[in-house]
Structure formats: C-alpha cells, structure tokens
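Undergrad: Sequence and predicted structure are below.
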Amino acid sequence: MLQLSSARIFVIFVVMAYINIVGEILECLVFVYLDSTFLTLRRATQNFYVSTLLVAAYLMAVYAYSKLTLNRLISKRIACLMAIPMVSGVVLMLFGNVRYARTPDGMYYNYGPAINHCYFMGFLYIFATLIGIIIYRGRIKKEEFRPIVTGLLVWAALSLFQFFNHGIQVSSIAMMLMSLILFLSMENPREYYEKSIQNVLNRDAFIMMLVEKFSTGKSFFILSVILTGKSNVLTWADRQELRNIQSEIARLAQSYVGTVAYTSGWNTLDFVVSDPRKVEAFMNLVNSFKDTGNMFKTTFSVLEVPKYTNNIDEAIQILDYVSNDYVFSQYIPNLVIDDSVVDKMIFRNSIEDIVRQAVKLKAFDVYYQPILCVADGTFSSAEALVRLRRPQTENYISPEDFIPIAEKCGLIQEIDDLVFEKVCSFISRANLPSYGIKVVEVNLSGNEVVDAQTHDRLRHKMEKYHIPPNFINFEITETSYINNDEVFKENVRKLKDLGSTFSMDDFGSGYSNLLEILKMDYFLVKMDKEFVWNCLDPDKPENMRMLDYTINFLKDFGLHILAEGVETLDQAKLLIDKGVEYLQGFYYSRPISEEAYLEFLKDQKGLFDNGKKENSYE
C-alpha cells in the first residue's frame, strides 16, 4: 500500500465494503430462516447493514475529497463535518421508525421514515461527491477523474434501482464495482512499483508522497542513496548489477529502518523519515553496505525539510541536481544538503536558463585563439571557441560551466551547429586565406559526432559559404563519452573524404587516451594544458619523462603535436626543444573577438612583411 492518506482511506473503504457484504448476508439469513419472534435480532442486523452502507458512502466522499484538495490531506474539522449525514442516519436507524413487509413474491423489504432518511443520506453522499468531482475536475488527472465518476454513476444507478424495487438489494454490488474500478485504474500498488527493481516504488509515487508530506508543515528528512559508476553509459550487465544493489538496499531499509524505498532517478533511491534517529541509523546501514562488484560508489545524502526548502518543486530540483550533477563532479560518501549546495543548484539552473535563451536567440559569440606553427613562425591557424555572455552585462560565462550543462540538456548539438555556421560566415566575410590562414580548428562534441546526420549538416554549411573542407580541422572534444563507434567512424570517414582533418582535443585528461588514438586516424593531438603544466612543473622534474615519452610515442605513431596552455617564453622554448610543432596559449594571445583577431593578423602580417620577426617563438 502507498504511504498516502487517499490510499489508506481506499483500503478502509474496501474493508468496510467487505463488512457490509457480511452484514447483508447475516441480515438475509435472519429474515429468511428466523420468524418474526426474532424482531430484535432482525433490527440489529438491519441496523448493522445500513450503518456499514452509510459509513462506506461517507468514506468514498472523503476519498474523493482527498483527491480534490490541493494538499491531499483531510483536516479533522472537514472530516467531522462530512460525517454529520452518516451519524444522523445511524442514529435514526437505532431509534427511528423502521417497518418490515413482504413483496407478492415473498421477498422481505423494509420501509418507514428512518429507512427513507438513510436512503436520502446515502444519495446525498453519492451525488454531492459526483457534483464536486465534476466541478473541480481540473484538480485531478484525467486518469483519476474518469474511474471515480464511472464508479459513482454505477453506484447511484444501482442504489436508485434498489430504492424503487422492494426486496432487491444491489447496493453491495455497487460498492464492489466501485472498489474494483478504482483498484484497477488507480489504487493498484503494483502500478507504482518499479518493474525492474524489487521492493522499490517509482518516481510518481515519490512525488505523490512528498505532496502530502509538505502539506503537513512538519519537519522531515529526505534521504537519498546515490550510486555512481565510471560513466553514465552502462552496459546491460552494469544496469543489472545496479538494480540488484538498489533492491538489496531497499530491502535492508525496510527491514532495519522501517522505511519504504522510492526512486527519483536511474541511480538514486529515496527514503522519507521523520525521526532524526532513523537518519543516523540508515546512514550507518548504507555506509556498512558493500556491493560485491565494486563498480559503483555510494553517496548518502540528507535533505532536511523545511529547513532548506519549503517547496516541493524546489526539493525535486535539489534532489535531481545532487544525483545528476553534484555527485559526478565531486565524490562525497556522506552529504548533508545545505545552503551551499542549494546555491550551486540555483547557479546551475540560472546557467541552463541562459543557455536555452541563447540557443533560441542564436546569441553565442565565437572567439579565436591564434596557434603558432613552429616550423615557419607564423600564426597560420586558429581555434574557434564558443563564448556565452550573461544578459545585460559584459561578463562571460566560462565554457567549463555552460558546456556540460548544455550536454545534459541535449543542447550541445544546436550550439555546435550555431558555432560552425558563424565560423564559416566569418571565414568567408573576412577572407581569412588572404591573411595567410590555412586552417581554422572547430570543436565537435562527442554528442555531435555520433549523430548520423552530422556529416550532411557540416557539408551543407561549408558549401553555403564556399569554404574548402581542407580549411577546417575538427577537434573531437571528449566532455561527452563517445558510445557509438560505428556512426562516429562513418562521420569521420565522410568528412575526411571531403578533405577535412581531425584532431584529438585535451589529450592527457578525461576520455582522451591512447585507446581513442587507436580507434581512428587523427592528424593532430592537442596536449591538455593541465597535462603540459604538470609535466613542466619545476618542483617535479621527474614528470619531464612523461612529456618526453608522450611526444616520442605520438611522433612515432605519425601524429602532429600541439601544446596548449603556453604562458611563458621558457615554456615555449622547452616545448619547441622537445619537438612540439604547434603552440597555443596566453603567451601568444588570449581568445579574442573577430575584430580583434583580424587586427592581430594584420599586425603579424606587417611584422613579417617588414622582416622584423626574429625567431619562431617570440
């Protein structure tokens, strides 16, 4: 059974309907097999039957009201007011005038003021509930509105039939049909359980329960057990192992803490408790739990309500942020969600809003960072970098902040397309080849390269602006793991056939590794700035061996090498001495706007035209 007041009321209604059927059987037995000398017993069974009928009608009215009220809870005052017709009917049955008679066919029936009053109270509950449901149908879902209305109409029709046909009792059938309709359409607990995970209720059940919890205004804790693996891309075996772990944690929680498990996401189990002592007990239980595969890390988080949020929508946002973003950026075994975490979520959501608006308005800027060719000392290539400005300000948002968010929101492909369109337009408008530019490097996200339509989109844009494909070098960024090698290789093959080249970005970090080099024929490998800085760290001279090994290996493999993050002359000289062919970094230029980049190229062209360039790295 769901931990909801409406579910509890429904169960009580079903129990009362069962009791009513038992009462009807007893009444029939007494009237059929005992003569009129058992008048007291007849009256007792009659009172019991009618009373349970009225109680069932009252419970259905309360159940329907619990669905209509916004907070899903019934106040004691409302419940008492709604009980007045029921109580009046029961009292009148106990002390009022009830008469008995037979039909010409010999069937017993009763009549009189008390019976008529009880019929009226029963009709009042049924029709008042029906009218309320119809008037306030906007407050409930269609899948809840239809079965309630259908059940009430069946109940009303059978009750009217019984009222006008003496000796025929079908009200119990009406209640059984009402119970069956609601159970099959709304109150079957199996509909709210995860089909692939034993003992775990789904997200819909979790939200329904939170709506009710928040409406009480009382303090409680939302506990989450978040499982994180090496990546979001899981094999079938990985997912099966994840489900087994979640099922076992749910079982332990039910057995030792007495709390039900919900799931709010693929990697998250949620629990709700009111007792602070259960929070500590459950934390100790989770921390002592060890999965056998050792593939998944476990984070236990606690959100106190209403201390850190008094809004259910915000609570869901916080939980989703923690399980989908926060724990993947920094692993913490035990996390108490406080204002600092909430502030990070608010910042993240604000960035998402800006990204969505920028995609809609095509408001991204493209900056260019010159790249030095060591062989001839020219800046014959540049990297195109996307920039996003905060609305109504001159401040830019770091790509490290908005690119991962864009990927999670499924917007990175649109951003890639917008950037490539602007790059092609700029190359054409500015006539970059006239400045000695031979190649412009454009980032291509992992999500983009596994889209089967990518090749056609990029080709059409190059044709639109008359850009030779060999003028574009695509950098494969690994912020999103490439999980469809066949489509990836096909896109690369088709673009290479046109004349474009490819480079691996951020080598030495993330997913850019030796295995990726073996998968395809890259033209250039860009060593990540963090990797370069670590190798050149004067306090760790032993790291230089890794730089030597990496450069020699890549060259032996026939690859060209670019070093990012060059910020000093000494770094540039050392990297050139080691055999690096291209240099990029703040020492030469920061990423700059289109106008500033053209001025940079004019200045460089002037230096070479006047013969003032003395060496290839200054």
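TA: Cool, got the structure. Residues are numbered from 1 along each chain as shown.

Undergrad: so is the residue nearest to Met209 when sequence neighbours are not counted in a helix, a strand, or just coil?
TA: Excluding the flanking residues, the one nearest Met209 by Cβ to Cβ, 6 or more residues apart in numbering is Gln3, at 5.6 Å. Every residue, glycine included, has its C-beta placed from N, CA and C. Under DSSP: H, G, I helix; E, B strand; the rest coil, the three-state class of Gln3 is coil.

Undergrad: Next, count neighbours for Gln3.
TA: 16 (other Cβ atoms under 10 Å).

Undergrad: Just confirm Asp416 contacts Glu448, I think it does.
TA: Yes - counting by Cβ atoms under 8 Å, Glu448 is a contact partner of Asp416 at 4.8 Å.

Undergrad: Can you name the residues that contact the closest residue to Glu187 other than its chain neighbours?
TA: Leaving aside its sequence neighbours, Glu187 sits nearest to Phe10 (Cβ to Cβ, 6+ apart; 4.9 Å). Residues in contact with Phe10 (Cβ atoms under 8 Å, 6 or more residues apart in numbering) are 63, 182-183, 187.

Undergrad: if we can go back for a sec, now do the residue nearest to Met209 against Asn311, distance only.
TA: 21 Å (Cβ to Cβ, to the nearest Å).

Undergrad: same thing with Arg390?
TA: The separation that Arg390 has from Asn311, given Cβ to Cβ, amounts to 26 Å.

Undergrad: One more: Glu187?
TA: 28 Å.

Undergrad: of these two, who's got more company?
TA: Using other Cβ under 10 Å as the criterion, Glu187 and Asn311 rank with Glu187 on top: 24 against 12.

Undergrad: For that one, give its distance to Glu248.
TA: Distance, Glu187 to Glu248, by Cβ to Cβ: 28 Å.

Undergrad: now swap in Gly167 and tell me
TA: Between Gly167 and Glu248 the distance is 59 Å, computed by Cβ to Cβ.

Undergrad: Kindly report the same for Asp506.
TA: Asp506 is 38 Å from Glu248, by Cβ to Cβ.

Undergrad: between those two, which one's more packed in?
TA: Asp506 (21 against 14).

Undergrad: Tell me which helix or strand the more buried one sits in.
TA: Taking DSSP states H and E as the definition, Asp506 sits inside strand 501-507.

Undergrad: What mean pLDDT does that strand get?
TA: Here strand 501-507 scores 87 as its mean pLDDT.

Undergrad: So which elements touch it?
TA: strand 439-444, strand 472-476, helix 485-498, strand 524-527 (3 or more Cβ pairs under 8 Å, 6 or more residues apart in numbering; DSSP states H and E).

Undergrad: Within the sheet, what are the partner strands of that strand, with directions?
TA: strand 472-476 (parallel), strand 524-527 (parallel) (DSSP bridges).

Undergrad: can those strands go into TSV with extra columns for mean neighbour count and mean pLDDT?
TA: TSV is the format used below for the strands paired with strand 501-507 (neighbours: other Cβ atoms under 10 Å; pLDDT from 0 to 100):
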stretch	mean neighbour count	mean pLDDT
strand 472-476	23	91
strand 524-527	25	91
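
Undergrad: want to throw those into TSV with distance to Ile133?
TA: Formatted as TSV, the strands paired with strand 501-507 follow (distance: least, Cβ to Cβ, whole Å):
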stretch	distance to Ile133
strand 472-476	57
strand 524-527	64
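
Undergrad: if we compare these, which one ends up closest to Tyr597?
TA: Among the strands paired with strand 501-507, strand 472-476 comes nearest to Tyr597, with 16.6 Å by Cβ to Cβ.

Undergrad: So Phe206 versus Tyr192, what's the distance?
TA: From Phe206 to Tyr192 the distance is 9 Å (Cβ to Cβ).

Undergrad: between the two, which one's more packed in?
TA: A direct count of neighbours by other Cβ under 10 Å for Phe206 and Tyr192 places Phe206 higher, at 25 against 20.

Undergrad: nearest spatial neighbour of that one, skipping sequence neighbours?
TA: Counting by Cβ to Cβ, 6+ apart, the residue nearest Phe206 is Tyr262, at 3.7 Å.

Undergrad: correct me, but that neighbour touches Ala205?
TA: Yes - between Tyr262 and Ala205 there is a contact under Cβ under 8 Å: 6.1 Å.

Undergrad: Which of these two has more residues huddled nearby?
TA: With neighbours defined as other Cβ under 10 Å, Tyr262 and Ala205 compare such that Tyr262 has more, 27 against 22.

Undergrad: Which helix or strand contains that one?
TA: strand 261-265.

Undergrad: Any buried residues in that strand, and which?
TA: 261-264 (16 or more other Cβ atoms under 10 Å).

Undergrad: can you put these in a markdown table and add distance to Val439 and pLDDT?
TA: Below are the buried residues of strand 261-265 laid out as a markdown table (distance: Cβ to Cβ, whole Å; pLDDT from 0 to 100):
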| residue | distance to Val439 | pLDDT |
| --- | --- | --- |
| Ala261 | 55 | 92 |
| Tyr262 | 53 | 93 |
| Thr263 | 49 | 92 |
| Ser264 | 47 | 90 |
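
Undergrad: Going by distance to Ile405, which of those residues wins?
TA: Ser264 (19.7 Å).

Undergrad: need the contact list for that closest one.
TA: Contacts of Ser264 by Cβ under 8 Å, 6+ apart are 203, 206, 224, 270, 316, 319-320, 323.

Undergrad: re earlier: relative to Ile148, how far out is the residue nearest to Glu187?
TA: 11 Å.

Undergrad: list residues touching both of the two?
TA: Leu182.

Undergrad: Next one: the residue nearest to Ser51 when sequence neighbours are not counted from Ala174, what distance?
TA: The spatial neighbour of Ser51 that comes closest, neighbours along the chain excluded (Cβ to Cβ, 6+ apart), is Val90 at 4.8 Å. Here Val90 is placed at a distance of 20 Å from Ala174 (Cβ to Cβ).

Undergrad: Show me which of these two is the more surrounded one.
TA: Ala174 (24 against 19).

Undergrad: which SSE is the closest residue to Leu536 other than its chain neighbours in?
TA: Closest residue to Leu536 apart from its sequence neighbours, by Cβ to Cβ, 6+ apart: Gln571 at 5.9 Å. Under the criterion of DSSP H and E, Gln571 resides in helix 569-578.

Undergrad: packing partners for the helix or strand just after that helix?
TA: Going down the chain from helix 569-578, the next helix or strand is strand 582-583, by DSSP H and E. In terms of contacts (3+ Cβ pairs under 8 Å, 6+ apart), strand 582-583 is packed against strand 365-373, strand 560-563, helix 569-578.

Undergrad: Which residues outside the shortest one are in contact with it?
TA: It refers to strand 560-563. 371, 503, 523-527, 532, 551, 554-555, 575, 579-585.

Undergrad: where in this protein is pLDDT low?
TA: Residue ranges of the chain with pLDDT under 70: 1, 70-73, 230-234, 290-294, 478-485, 510-515, 519, 606-618.

Undergrad: Listing partners with orientation, what would you give for the lengthiest strand in the chain?
TA: Ranked by number of residues, the top strand in the chain under DSSP state E is strand 378-389. Sheet pairing of strand 378-389 (DSSP bridges) gives strand 365-373 (antiparallel), strand 396-397 (antiparallel), strand 439-444 (parallel).

Undergrad: returning to that earlier point: tell me the contacts of the residue nearest to Phe206?
TA: Tyr262 is in contact with 200-203, 205-206, 209, 269-272, counting by Cβ under 8 Å, 6+ apart.

Undergrad: who does it bridge with?
TA: Leu201, Asp270.

Undergrad: give the contact list for Phe364.
TA: Contacts for Phe364 (Cβ under 8 Å, 6+ apart) come out as 358, 386-388, 415, 418-419, 422.
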